[in-house]
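> here's my sequence, what's the structure:
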Amino acid sequence: MSVLEIDIARTAQEREALFALRMQVFVQEQHVPEEEEIDACDQTATHFVIRCSPPPPDYPAGVIGTARLINKGENTGKIGRVAVAAAFRRMGAGTRLMQFIEAYAREQGLCRLVLDAQCAVIPFYERLGYTAEGDVFIDAGIEHRFMYKDLTTSREVS
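Numbering: from 1, shown residues only. Model (predicted):
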């Protein structure tokens, strides 16, 4: 039986593992150009990891999921690069990761979270209380929509 732990990426090994996972999910699976996957925001973002214990083979540091949070100012945070390894999807790991990020954002005094959701996963974010706004746009060759959640009026989703 595996146990999932979610936390901020704290070690160089975890950071390497989360970047490797992002390359697997976004570049290999979704064909995002490699040069677009890692950007300057990675230097200042808070990175989160989902670790599986015991670590499954082929998952460095046991990292099976990741996301990042960027403080955009004006009490707003932007969530991005949300990725869960294919073998661990649809098991609740992504929901738990988002809940952890929201709790962290509240602790940091953020009142609003925004993200650019791939259209295919908008229902996932809607179940977590996010609202889509605006037109569909293309980012890295994939259809997206802007979404937001007001942390001052919403409660944590369990």
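> from the chain's centroid, how far away is the lengthiest helix in the chain?
When the chain is parsed with DSSP state H, its longest helix is helix 93-107. Helix 93-107 has its average C-alpha position 9 Å from the chain's average C-alpha position, going by C-alpha atoms, centre = their mean, to the nearest Å.
> just the buried positions in it, please.
93-94, 96-102, 104-105 (16 or more other C-beta atoms under 10 Å). C-betas here are computed from N, CA, C, even on glycine.
> may I see those residues organised as a markdown table, with distance to G80 added?
Shown next, in a markdown table, are the buried residues of helix 93-107 (distance: C-beta to C-beta, whole Å):
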| residue | distance to G80 |
| --- | --- |
| A93 | 17 |
| G94 | 14 |
| R96 | 18 |
| L97 | 13 |
| M98 | 12 |
| Q99 | 17 |
| F100 | 15 |
| I101 | 11 |
| E102 | 14 |
| Y104 | 15 |
| A105 | 13 |
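> and these, which two are furthest apart?
Distance extremes for the buried residues of helix 93-107: the farthest pair is A93 and A105 at 18.6 Å, using C-beta to C-beta.
> for R68, state which of the buried residues of helix 93-107 is nearest.
I101 (9.0 Å).
> let me see the contact set for the closest one.
48, 67, 69, 79, 113 (C-beta atoms under 8 Å, 6 or more residues apart in numbering).
> can you do 7 Å?
Each residue near I101 by C-beta atoms under 7 Å, 6 or more residues apart in numbering is listed here: 48, 67, 69, 79.
> three-state assignment of the last one?
Under the three-state scheme (DSSP: H, G, I helix; E, B strand; the rest coil), the conformation of I79 reads as strand.
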